[in-house]
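Novice: give me the fold of what follows.
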Amino acid sequence: MNDMSEMSGSLRKRRLAPEDLANPQLLRLLLRLGLPAMFGLSINAAHHTINMVFVGMIGEDQIAAIMIVLPILMLIAAFGEGIGVGVATEVGRMLGAGNRSRAGAIASISLAAGVAFGAASALALVAFPDLLLFGATPAIEPLAQHYLMIIAISVPLTMAQIILDFLAIAEGNARFSMWTLVACFALNMILDPIMIFGFGLGLEGVAIATILSQLVALSICGAYHIRRLGTVRLSLDWRLADIRTLRPVLAVGAPTTLTSLTTAGAIAIMVSLAATYHGEAGIAGIGIALRLLAVGTLPVIGISLGAQSILSFAWGRGDMARVLSATRILTAVTSAVSGTCGLTALAFSKELASFFTNDATAIGIAGQAIVATHLPLLLFGLRQTVLILFQAQGRPKAAVAIGLAQNGYLLFPLLAFLPPFFGFSGLLAAMFLASALTGLLSAVCLVRSLSALRQRSTSRLTSIRPYPSFCP
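Specialist: Now for the predicted structure:
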């Protein structure tokens, strides 16, 4: 009996054990890391989409209220994502260099900093809700404010969950990340209708379901680290002076943070403009299109996150040939996924919009917005690949240039110029042009970077950084 128990325990540990990031079977490794991460984030997208369907059953005002609160939550989560990307990259490099103790210290301090920031943000949300609901109409503001006050409790939980998820992927355990996300979001989808309709809590039920699901996910992550099933060891054995180790983490994660911050700001502005031209129906229509866009982009982001650990590990070892091969494979896979999602949304735009609402005006607006946002999705795989490559290379400025393009320095001037002259059509045109131009910029940088990597991988000068000087 003891032998059987030991064998069962050993089997479970092997199933939860991280992948060998030095595995010579690169395509197989990328799929084993990328597909679970893709599936996990796809479940995330499905969860939020189904949430919107349930909320739409209450009314379009409730959808609009969530869209008003969404940029606020995105602003806060941006810092968690930045820390997560920085942790994933730095931990991957340390593991590649064989320095596990350093990897553990970086992970522990980053997690503590993220939770502390989340707690401070939650207090700010509770103290100043009126100042944060940008673009809310008088009919929506009370709903949005009430939802915000409850969902604030989830903010430090969200920060911890984001960082722990990135950490699992960084050490090559995308499967654990996937199953944790599946458990979290599946539970959330089960609890949503129970809380919304069974207990009659409405938007309050959505927030409570989210909090309960996050607590379950964090319990799973806690058990994983307490039982030391992973490679990286978390601990409290560090001093305040060790906070300086956050510098490289924040530097590498800065592009992701800034990208998420500008995205949140862009969504707030687009929602406000939509309300100006079409009121609550405009907010709901744009919200539906952006929610469906997340369904297409999150799988691509998931694949690239799985590949990031491979690229960072190979870069830490100075294996340029492996970096080149992984980048080529990642380009092909992400392009195929983003292209498929984009074409599907374009073919069934109004049918997809009708899942969220019965309002004919909102469906018409959503159909137009889906076309404007999903046509450039065909190039999103290139953008994500070059962004991950720059992060793995430790090029934060180049990553910022790519990350801020779509919802930052390309979008904001277009939003300032086109809507005043062309109204709602100008808003849609701005969304389309910013995404399309970002895709073209990414294509140019990726081609040049692959060429430079190919040259360096065939030479012995692997200590020289393989990227073109002109590329941002």
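Novice: residue ranges with poor pLDDT in this structure?
Specialist: Per-residue confidence for the chain (pLDDT under 70) gives these ranges: 1-22, 24, 37, 40-49, 51, 60, 129-139, 238-242, 459-472.
Novice: quick one, helices of the stretch 51-200 of the chain?
Specialist: Using DSSP state H, counting those that start in this stretch, the helices found in the stretch 51-200 of the chain span residues 60-96, 100-127, 141-151, 155-170, 174-193.
Novice: my guess is L379 meets A436, correct?
Specialist: Yes: contact between L379 and A436 holds when scored by CB atoms under 8 Å: they sit 7.0 Å apart. (C-beta placed from N, C-alpha, C; glycine too.)
Novice: of the two, which one has the most company?
Specialist: L379 (22 against 16; other CB atoms under 10 Å).
Novice: any idea which helix is longest in this protein?
Specialist: The helix spanning the most residues in the chain, taking DSSP state H as the definition, is helix 246-317.
Novice: next, the angle helix 155-170 makes with it.
Specialist: For helix 246-317 and helix 155-170, the angle between their directions (axes from the mean of the first three to the mean of the last three CA atoms, to 10 degrees) works out to 20 degrees.
Novice: which element follows helix 246-317 toward the C-terminus?
Specialist: helix 320-347 (DSSP states H and E).
Novice: not counting its neighbours along the chain, what's nearest G287?
Specialist: In space, not counting the residues next to it along the chain, G287 is nearest to M67; the distance is 3.9 Å by CB to CB, 6 or more residues apart in numbering.
Novice: I283 now?
Specialist: In space, I283 is closest to A64, 4.2 Å off (CB to CB, 6+ apart).
Novice: tally of neighbours for that neighbour?
Specialist: Each residue near A64 was counted by other CB under 10 Å, and the total is 30.
Novice: quick one, what contacts it?
Specialist: Contact analysis of A64 by CB atoms under 8 Å, 6 or more residues apart in numbering lists T137, I140, E280, I283, A284, G287.
Novice: which residue sits closest to L157, ignoring its sequence neighbours?
Specialist: Nearest to L157 is Q214, by CB to CB, 6+ apart, at 4.2 Å.
Novice: what do you get for Y277?
Specialist: Closest residue to Y277 apart from its sequence neighbours, by CB to CB, 6+ apart: F424 at 4.3 Å.
Novice: give the contact list for S435.
Specialist: So S435 contacts T373, P376, L377, L379, F380, Q406 (CB under 8 Å, 6+ apart).
Novice: so the last one makes contact with R383?
Specialist: Okay, so that is Q406. Yes: look at Q406 against R383 with CB under 8 Å: they come within range, at 7.1 Å.
Novice: identify the contacts common to these two.
Specialist: Counting by CB under 8 Å, 6+ apart, the common neighbours of Q406 and R383 are T438.
Novice: neighbour count for these two, which is higher?
Specialist: The neighbour count for Q406 versus R383, taken as other CB under 10 Å, is higher for R383 (29 against 25).
Novice: other SSEs contacting the helix or strand encompassing the more buried one?
Specialist: Using DSSP H and E, R383 sits within helix 380-392. Under the contact criterion of 3 or more CB pairs under 8 Å, 6 or more residues apart in numbering; DSSP states H and E, helix 380-392 touches helix 60-96, helix 246-317, helix 320-347, helix 396-403, helix 411-457.
Novice: output it as CSV, restricted to C-alpha atoms.
Specialist: Output in CSV follows, covering the C-alpha atoms of helix 380-392 (Å, rounded to 0.1, in the frame of the first residue of the first chain):
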residue,chain,number,x,y,z
PHE,A,380,-1.3,40.7,-34.5
GLY,A,381,0.8,37.5,-34.4
LEU,A,382,3.8,39.5,-35.9
ARG,A,383,3.4,42.2,-33.3
GLN,A,384,3.3,39.8,-30.4
THR,A,385,6.3,37.7,-31.7
VAL,A,386,8.6,40.7,-32.1
LEU,A,387,7.5,42.1,-28.7
ILE,A,388,8.4,38.8,-26.9
LEU,A,389,11.7,38.7,-28.8
PHE,A,390,12.7,42.2,-27.7
GLN,A,391,11.7,41.4,-24.1
ALA,A,392,13.8,38.2,-24.1
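Novice: relative to helix 246-317, how tilted is that helix?
Specialist: With the same axes, to 10 degrees defining the directions, helix 380-392 sits at 100 degrees from helix 246-317.
Novice: looking at the helices of the stretch 51-200 of the chain, which is closest to R317?
Specialist: Nearest of the helices of the stretch 51-200 of the chain to R317, taken as CB to CB: helix 60-96 at 4.8 Å.
Novice: could you check the angle helix 100-127 makes with that closest one?
Specialist: Put simply, helix 60-96 runs at 160 degrees to helix 100-127, going by the same axes, to 10 degrees.
Novice: how far does helix 60-96 sit from the chain's center?
Specialist: 6 Å (CA atoms, centre = their mean, to the nearest Å).
Novice: thinking again about what came up before, distance to A160 for the helices and strands packed on helix 380-392 - can I get that in CSV?
Specialist: Rendered in CSV, the data for the helices and strands packed on helix 380-392 read as follows (distance: least, CB to CB, whole Å):
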stretch, distance to A160
helix 60-96, 8
helix 246-317, 15
helix 320-347, 28
helix 396-403, 24
helix 411-457, 31
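Novice: count the residues that sit near the residue lying closest to I402 once chain neighbours are set aside.
Specialist: Residue nearest to I402 in three dimensions, not counting chain neighbours: L387, with 5.0 Å by CB to CB, 6+ apart. Neighbouring residues of L387 were enumerated by other CB under 10 Å; the total is 27.
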